[in-house]
Structures are given as structure tokens and as C-alpha cells.
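Engineer: From the sequence below, what's the structure:
(one chain, ligands or ions: 3)
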Amino acid sequence: MQSSNINLSYTVRGLKLRIIYYSKFMPLAFWIYLFIPLAITELCRILKITNLNMPLPLWVNLEPTTKCNFNCITCSRISLSPSRLNKSLSFNDFKHIIHEIPQIKRIHMQGLGEPLLNQDIWKMAKYANAKGIKLTTTINGSLINPQNVDNLLKYFSGIAISIDSVNEENFNKIRIGGNYRQLIANIRFLLERKNRLNAKTIIISNYVVTHLNFSELEDYLKFCLNFQLHSNIDEIKNLYCPYQRQYKEETEFIKESRKFHNKIVTIISKYKKVFEKNSLYLNYESIYKRKKICFFPFITCFISFDGFVAPCCMRQDPAAINFGNIFKTPFKKIWNSVKLKMFRNTLIRNLPNIVCDNCPD
Ligand SMILES: C[S@@+](CC[C@H](N)C(=O)[O-])C[C@H]1O[C@@H](n2cnc3c(N)ncnc32)[C@H](O)[C@@H]1O
Ligand code: SF4
Ligand code: SF4
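Structural biologist: Ligands and ions are numbered 1, 2, ... in the order given. All right, here's what the predicted structure looks like:
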């Protein structure tokens, strides 16, 4: 691919942001759309404007299900309350959510569960696409099969597959319940089918780095190059809030992983150029504190399978924080409610906010 990327670099409050627009992967409008709220947020901060009504979001994260066939070592799904575990979003509720956010353009189908375990996923996908809504998803890759692969490629414009290890033994320790060989076969099959159908779907590989898989990072990056896969690298995050019971234990685990932070950054910067040369993107989620520059609650939100509206993907358990329920209160009321506006104010004015203060913890 000819490089037609736009590389923007600017500094907000001492933090250097570098934004690259990959023309092949994201419509320019989407990036402009991300810039505007960032500019508005910064303006609000400077002018100390706190009572701003935000327009309804153009994209949201939506949880298709809390069912899962894995029990990954990094994941907080298992600590959802038992009454919320192994439940799925219904087709009617999906339609209701779209009705409540009529201008929605993009939905990322992902939550604390495996999206393909929602039995109505194809009905939802067809319905959303018919309304001009683009869908993306993050899946564990175990359920890609000849029966669903064409639908995946037809309805989803982006599919991220969580890999987390390219060593069979290690994979089985981290992605508990998964089968490494099956996963690799499924990825191969998906890529073959994509080529055969000439599908435009972007396939991305996700890798959550911890002290348990750091030693494989280079092998993993070579694996992506070999398979011609884009990659998201995410250093493990504490998905619990400080007031949740599991937070402390998770922090101890994360402390071990953070010991490799500098080495991770070095490896990624080495491979960035290699990926670019191969027309692949390598996205790295840094561990720098987000609070002062986070614009998620201004432009998007996370909606759980049972309708709770949470600020972002870092905080997907409504028991930890939510702003209301879309099945009980009109979304436009929740979106500009006092509670959500106060939450945004803490970001605009850098006020204490236990949910965001140390994010990503
Ligand atoms: C919660 S999963 C849900 C989707 C699907 N079940 C999967 O595994 O891809 C979404 C993503 O979060 C990642 N993840 C899990 N625990 C994490 C953590 N503590 N920090 C950062 N990412 C995490 C997963 O590896 C996956 O890429
Ligand atoms: S497959 Fe996804 S949802 Fe399931 S346990 Fe692993 S990270 Fe969590
Ligand atoms: S927890 Fe707060 S700072 Fe972190 S991503 Fe969510 S909204 Fe942004």
C-alpha cells in the first residue's frame, strides 16, 4: 500500500499526542470527529465551562453477552455479580438501544464475554448494517467456523482477535479454556476466506502484555508480520475501581507486569517501522495517566447487556459505576444527566474522581 497516512503531533498540557490517520483503515470523518470533542474538552477546561450539553454519541461500545467459553487470567468477567453472569442482550433490547441513539454510526460489540455466544448476533448485525451502522467487535477467536465466517466478514468492518500468546503452553495458562492450535487454525481460515471473498474487513490481533508473556513479545510481533495482521498491544490494566474488592490483588499482579514497561516500549518502537513498511499498523496503548486528556465520556460510553450506561471500556461493570439504565430512562436524559455532567467536570477541571484518578491503574 502506498503510504497516504497523515501524521499529526501536538501537545496538550505537556503531554505529547501523536495521531496517525491511516487512510485505509479509518474514514477521515471519524478522526475529525475524535478531534472536535478533544478540542471542545480542552476549551472547556481553559474557559472553565462546566455545564456543557454534549451531542448524543456517534459510536458506543455495547456488550452482547456476559457468557464466555474462556476464563482468562487477566479478565474481570468472573467477578461480575452471579445474577449478571451468562446473560445476553436480546434482539429487542438491541433495537431499543439503536432507537434511543438514532444518529449512531458505529457500534463496537464487546463487553465482559464472548460476543459470538450471543445467539442473535447475526440478526443484530444485519439489522444494524441495514440502518447504515458499522459494526466492529473483539472476539477470542475460538468460535470462528465455516458456518459463521462469511457473516463475520459481511457484517463486521473490523474484527479484533485476542491472542495474548504465541506459545502453546503459555497460551493455555493465560487464555484458560482456549485451544491454541484451534485458534491459529481459525485465524488462518478467517484470513483465507477474507482473501477469497475479497472482503474489506480489517483483521486485528490483540495482545495484552503482562510479565507472563513479555518474553514472547518479539515472537508475537513476528507472528503478526508473518500473518500480515495489524496489532493492538495493550499493557495490562486494572479493570477494577479502587473501591472494589479485587482491586488490590489485581494491582499486585499489574505491578509485576509494569517492571517490563520500558522494555515493552523499546521493542514496540523497534517494530513500529517494520509494521509501517509492511503497511500494517501497530497500536500501543500506553500506561500514561489519562484523566486530564480523556475524552471518552464526552463522545462515547459503554452499555452493558442489561442497559447500564458506564463511562468507558475500562469500567464495564455497572456495579462499579453507571449513570443510569437505557431501558428505564431515555438515553438523552442519561447522556446529559447531572451525574454524567459532574463526572465530565472532574475531567475538565481535574477534580478528584476515584474512577479516573489513576486510570489506567
Ligand atoms: C474482555 S475481552 C471481551 C472480548 C472477547 N471475549 C475477547 O477475549 O477478545 C476484550 C479485550 O480485553 C482484553 N483484556 C482482558 N483483560 C484485560 C486487562 N486486565 N487489561 C487490558 N485488556 C484486557 C482481552 O484480551 C480482549 O482483547
Ligand atoms: S475470552 Fe474475553 S471475555 Fe472471556 S474470559 Fe477471556 S478476556 Fe474475558
Ligand atoms: S476510567 Fe476515566 S480516565 Fe479512564 S478511560 Fe474511563 S473515563 Fe477515561
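Engineer: State the pLDDT value of the single nearest residue of the stretch 101-250 of the chain relative to ligand 1.
Structural biologist: In the stretch 101-250 of the chain, the residue found nearest to ligand 1 is residue 162; the distance is 3.4 Å by C-beta to the nearest ligand atom. For every residue, glycine as well, the C-beta is placed using N, CA and C. Note on residue 162: pLDDT of 98.
Engineer: That one and residue 200, how far apart?
Structural biologist: Distance, residue 162 to residue 200, using C-beta to C-beta, to the nearest Å: 22 Å.
Engineer: what about the two, which has more around it?
Structural biologist: A direct count of neighbours by other C-beta atoms under 10 Å for residue 162 and residue 200 places residue 162 higher, at 24 against 10.
Engineer: Identify the residue spatially nearest to the more buried one, adjacent ones excluded.
Structural biologist: Leaving aside its chain neighbours, residue 162 sits nearest to residue 206 (4.4 Å; criterion: C-beta to C-beta, 6 or more residues apart in numbering).
Engineer: any idea how far residue 344 is from residue 304?
Structural biologist: Spatial separation of residue 344 from residue 304 under the definition C-beta to C-beta is 20 Å.
Engineer: still on that earlier bit, any idea which helix or strand carries the residue nearest to residue 162?
Structural biologist: If you go by DSSP states H and E, residue 206 is part of strand 202-209.
Engineer: For whatever helix or strand comes next after that strand, name the packing helices and strands.
Structural biologist: Secondary structure here is assigned by DSSP H and E; on that basis, the next helix or strand after strand 202-209 toward the C-terminus is helix 217-227. With contacts defined as 3 or more C-beta pairs under 8 Å, 6 or more residues apart in numbering; DSSP states H and E, the packing partners of helix 217-227 are helix 180-197, strand 202-209, strand 230-235, helix 261-277.
Engineer: In helix 217-227, which residues are buried?
Structural biologist: 217, 220-221, 223-225, 227 (16 or more other C-beta atoms under 10 Å).
Engineer: do the same with stretch 259-268
Structural biologist: Judged by neighbour count using 16+ other C-beta under 10 Å, the buried positions of stretch 259-268 are 260, 264, 267-268.
Engineer: Can I get those in a markdown table including pLDDT and distance to ligand 2?
Structural biologist: Shown next, in a markdown table, are the buried residues of stretch 259-268 (pLDDT from 0 to 100; distance: C-beta to the nearest ligand atom, whole Å):
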| residue | pLDDT | distance to ligand 2 |
| --- | --- | --- |
| 260 | 96 | 20 |
| 264 | 96 | 20 |
| 267 | 97 | 23 |
| 268 | 96 | 21 |
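Engineer: Could you dump those residues into TSV and include distance to residue 361?
Structural biologist: Converted to TSV, these look like this (distance: C-beta to C-beta, whole Å):
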residue	distance to residue 361
260	17
264	17
267	23
268	21
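Engineer: can you pull out the strands in the stretch 51-200 of the chain?
Structural biologist: If DSSP state E, counting those that start in this stretch is used as the criterion, the strands of the stretch 51-200 of the chain fall at 59-62, 106-109, 134-139, 156-162.
Engineer: can you redo those strands as JSON lines with distance to residue 195?
Structural biologist: Supplementary listing: those in JSON lines, determined by distance: least, C-beta to C-beta, whole Å:
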{"stretch": "strand 59-62", "distance to residue 195": "28"}
{"stretch": "strand 106-109", "distance to residue 195": "24"}
{"stretch": "strand 134-139", "distance to residue 195": "19"}
{"stretch": "strand 156-162", "distance to residue 195": "14"}
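Engineer: among those, which is nearest ligand 3?
Structural biologist: The stretch from those with the least distance to ligand 3 (C-beta to the nearest ligand atom) is strand 59-62; that distance is 11.1 Å.
Engineer: ok, that closest one: who's next to it in the sheet?
Structural biologist: Here the strand partners of strand 59-62, with direction, are listed using DSSP bridges: strand 106-109 (parallel), strand 302-303 (parallel).
Engineer: tell me which residues in stretch 74-83 are buried?
Structural biologist: Going by neighbour count (16+ other C-beta under 10 Å), the buried part of stretch 74-83 is 74-77, 79-80.
Engineer: so the closest residue to residue 339 other than its chain neighbours is in which element?
Structural biologist: Excluding the flanking residues, the one nearest residue 339 by C-beta to C-beta, 6+ apart is residue 323, at 5.2 Å. Following DSSP H and E, there is no helix or strand that holds residue 323.
Engineer: I figured residue 323 hits residue 337, correct?
Structural biologist: Yes. Contact criterion C-beta atoms under 8 Å: residue 323 and residue 337 qualify, at 6.0 Å.
Engineer: neighbour count winner among the two?
Structural biologist: Relative neighbour count places residue 323 above the other of residue 323 and residue 337, with 23 against 15, counting by other C-beta under 10 Å.
Engineer: Got phi/psi on the more buried one?
Structural biologist: When read as degrees, to the nearest 10, the backbone of residue 323 gives phi -110, psi 0.
Engineer: circling back to that earlier point, tell me which two of the buried residues of helix 217-227 sit farthest apart.
Structural biologist: Pairwise distances among the buried residues of helix 217-227 were taken by C-beta to C-beta; the largest, 15.9 Å, belongs to 217 and 227.
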